[in-house]
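[1] I need the structure of the sequence given here:
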Amino acid sequence: MRFDFFRTSGAAAANRKGDAGMPAQSREEPVDELGGPREASGYVRHALQLDPQQRVKGYRMAWLATPGAAPTPDASSQFIALLDNITRHLNPPRTGWRLGRLVLFLDVTVDGLFLAELQSLPPENVVLCMGLGDLSDVDTRSMLLFLREQGFGFMLKDADGLPADPELREIITHLDVGDGDPERVARVRAEEQQGRAPVQLIATRIDTWAQAGACADLRVDIFVDGALAHPPVKEGGDALQPESVMIVRLMHMIQRNENVRSIESALKRDAALTYRLLRHINSPAIGAGVEIHSLRHAVAMLGYAPLFRWLSVLLATSNRAAAPFMTKKAITRGRFVELMGQGMLPPGEADNLFVVGMFSLIDQLLGVPMTEVLAKVQLAGSVQQAILAREGVYAPFLALAEACETDAAQAARLSEALFVGSGQVNAAHLAAMVWSQEADAHDAS
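    Numbers count the residues shown, from 1 in each chain. Below you'll find the predicted structure:
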């Protein structure tokens, strides 16, 4: 059985700490019951949770207050704003959870534990990050136990090791191990008790890819955000891999509007490529409504332009040596750029916007210099201008996408220049995360 809990401001809230038996009251007005503004001005930001194979396993979500916002929102107001965006775009009532098996890590305040919106999220997909002081608060222990029983995970952060309290150890499912120091990791694993599920260790302060590699050797996951430089890639000079060459050839044929039979004949030479293309086309992101069985069927249903987009996605995934998370990042950026351009540019520009965003990382994915890739793919001049020089009609949208990954202040300035609010930016950000998950045929299946 599942109950809802709520927390109000002032003395009433203090009296209800530990009262884990009272159902939540629905809030009719969008007012923060903690006393702050319901919607703090700011931007959603995320870090990627990567496993030792650099695959995306989840996101650590954060709220970055708009620089100069007055009054400055407190931690509780910012958490409520983040939670509102998550429930609205990642777990809407009509569709439910939209990120599949991916997990969200949320830095939660004690007050946030009692919010009904938090309990509307699927508990198996949420890990709540808290410090030892808050986790040890006797007044919140009953709530912690309740949430853990429901399936929510808890990550202990900013601690040297596991706590001595046996009950608290039963609550903790994840442990922040900082920079992944090997001695610290070994000590924590030695402290774990036999007969219970092991605590998952995550290195949250990764500054170099050498550190990331060391964590992978220790079987420790990591958090990576936009501030960390892209991982090194094996340079291939100007040589594309065979599958990449085939994809580029197909892209050229579509650009020239060649006969469908000719394109189909070329594609049939690579059965694996045909299979991957159809899997992507049949992903939930397309929403064709019927299962597509052939290239000719795809063109009849979708036209040439979407097919070029999906070949672009396949090109981005054609280098087996590339880090898997970079592919997801590129697809997410492409969709974000496309969504931000909607309503400002003609509908026919959607595919170009997507390609601008995704191809801005194509050199990292293929291990080939950007100029060499663009010389082979031969994109439109305006697309190349945005990618190479960050100039032209598409450039402001690409710049905003990059800023949202690294710099809230710059994101605020760029969105203001485009006359869009933070709410629209956040909606596009989270929708792009969903779309990249749905577009990933391997994760979606």
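
[2] Verify the stated contact: Asp158 with Met130.
    No. Judged on C-beta atoms under 8 Å, Asp158 makes no contact with Met130 at a distance of 9.4 Å. No exception for glycine: its C-beta is placed from N, CA and C like everyone else's.

[3] Distance-wise, check Leu147 relative to Arg141.
    For Leu147, the distance to Arg141 (C-beta to C-beta, to the nearest Å) stands at 11 Å.

[4] Revised request: answer the last question for Ala401.
    Ala401 sits 43 Å away from Arg141, going by C-beta to C-beta.

[5] okay, those two: which has more neighbours?
    Applying other C-beta atoms under 10 Å to Ala401 and Arg141 shows that Ala401 carries more neighbours, namely 27 against 18.

[6] Report the secondary structure state of that one.
    Secondary structure assignment for Ala401 (DSSP: H, G, I helix; E, B strand; the rest coil): helix.

[7] residues touching it, list them.
    Counting by C-beta atoms under 8 Å, 6 or more residues apart in numbering, Ala401 touches Arg333, Phe336, Val337, Met340, Gly357.

[8] Phi and psi next, for Gln221.
    Careful, residue 221 is Asp; it's not Gln. Main-chain torsions, Asp221, degrees, to the nearest 10: phi -70, psi 160.

[9] you'd agree it is up against Gln53?
    No. In this structure, Asp221 is not within contact of Gln53 by C-beta under 8 Å, at 10.4 Å.

[10] Between the two, which is the more surrounded one?
    Asp221 (21 against 10).

[11] in this protein, what spans have low per-residue confidence?
    Filtered on pLDDT under 70, the chain yields the residue ranges 1-39, 69-70, 195, 234-239, 285-289, 441-445.

[12] let's see it at 50
    By pLDDT under 50, the weakly predicted segments of the chain are 1-38, 441-445.

[13] Check for me that Pro232 belongs to a strand.
    No. Per three-state DSSP, Pro232 lies outside any strand segment and is coil.

[14] got the contact list for the closest residue to it other than its chain neighbours?
    Closest residue in space to Pro232, ignoring its immediate chain neighbours: Trp209 at 6.3 Å, by C-beta to C-beta, 6 or more residues apart in numbering. Residues in contact with Trp209 (C-beta under 8 Å, 6+ apart) are Leu228, Ala229, Pro231, Pro232.

[15] With Leu398 instead?
    Leu398 makes contact with Val337, Val356, Gly357, Ser360, Ala386, Ile387, Arg390, according to C-beta under 8 Å, 6+ apart.

[16] Identify those among the residues you listed that sit within helices.
    Judged by DSSP state H, those include Val337, Val356, Gly357, Ala386, Ile387 as members of helices.

[17] Out of those, which comes closest to Ala214?
    Gly357 (31.8 Å; C-beta to C-beta).

[18] what's the neighbour count on that closest one?
    Neighbour tally, Gly357, other C-beta under 10 Å: 29.

[19] Now do the contacts for it.
    Ala330, Arg333, Gly334, Arg335, Phe336, Val337, Glu338, Phe397, Leu398, Ala401.

[20] Just confirm the first one contacts Val356, I think it does.
    No. Using C-beta under 8 Å, Ala330 makes no contact with Val356, being 11.2 Å away.

[21] who's more crowded, these two?
    More neighbours surround Val356 than the other of Ala330 and Val356, with 30 against 24 (other C-beta under 10 Å).

[22] so how far is Ile331 from the more buried one?
    To Ile331, Val356 is 13 Å away according to C-beta to C-beta.

[23] list residues touching both of the two?
    With contacts taken as C-beta under 8 Å, 6+ apart, not a single residue reaches both Val356 and Ile331.

[24] Could you report the neighbour count for the closest residue to Gln150 other than its chain neighbours?
    The shortest distance from Gln150 to any non-neighbouring residue, by C-beta to C-beta, 6+ apart, is to Pro123 (4.6 Å). Pro123 has 17 neighbouring residues, counting by other C-beta under 10 Å.

[25] is it true that Asp207 touches Asp225?
    No. Assessed by C-beta under 8 Å, Asp207 is found out of contact with Asp225, at 11.1 Å.

[26] Pick out whichever of the two has more residues nearby.
    Asp225 (15 against 11).

[27] Wait, that one touches Gln49, no?
    No. Contact criterion C-beta under 8 Å: Asp225 and Gln49 do not qualify, at 10.8 Å.

[28] list residues touching both of these two?
    Counting by C-beta under 8 Å, 6+ apart, no residue touches both Asp225 and Gln49.

[29] Strands along the chain, start to end?
    Along the chain, counting by DSSP state E, strands occupy 42-50, 56-65, 103-107, 126-131, 153-157, 174-176, 200-203, 221-224.

[30] Of the ones you listed, which is nearest Leu307?
    Distances from Leu307 to each of these were compared using C-beta to C-beta; the shortest belongs to strand 56-65, at 25.9 Å.
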